[in-house]
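Q: build me a structure from this.
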Amino acid sequence: MIEGMKFPDWWEAPDELFRIDGHCGLVAAWVVLRHFGKRVSVPKLVESCRYTKRHGVFAVSLAAALKTYGLSVSFHSEPDTNISGFERRCYVYARRLGIVAQAPPRSLSGSSSGERWRYYNCVIQHPC
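A: Alright, predicted model coming up:
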């Protein structure tokens, strides 16, 4: 662990978040926001992350939500040729906030067999 980078434990999130199906993205957003001293109600968090019961939270929406709460965010993703209508609208919203999907900075190598890991990366910087 990097000195001074202790994030709140996920189980410290409000019980109301855990009662939502597909709550993982919402809990991740809560942890990051709490780490940076931002307190957001569960209904506001659900709205800002553009959560839906059908899709949960898209990574790009998570980045956009964190940006709306004052964090400096960049979003990295491998190209996706199969973006649905709702997800496409999430990308449009993120672009309006100045968040444009960038290629991952590097490929990660897995085991000795050369297994490659795909990942999504959202870089968050303290607003100060």
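
Q: Pro104 reaches Pro79, doesn't it?
A: No - contact criterion Cβ atoms under 8 Å: Pro104 and Pro79 do not qualify, at 10.1 Å. C-beta here means a position set from N, CA and C on the backbone, and glycine is covered the same way.

Q: of the two, who's got more company?
A: Pro104 (13 against 7; other Cβ atoms under 10 Å).

Q: look up which residues are beta-bridged to the residue lying closest to Pro104 once chain neighbours are set aside.
A: Distances taken as Cβ to Cβ, 6 or more residues apart in numbering put His76 closest to Pro104, at 4.9 Å, once the chain neighbours are dropped. Beta-bridge partners for His76, by DSSP bridges, are Gln102, Asn121.

Q: what about His76, how many neighbours?
A: The number of residues packed near His76 is 16, by other Cβ under 10 Å.

Q: now Asp15
A: 8.

Q: how far away is it from Arg89?
A: To Arg89, Asp15 is 30 Å away according to Cβ to Cβ, to the nearest Å.
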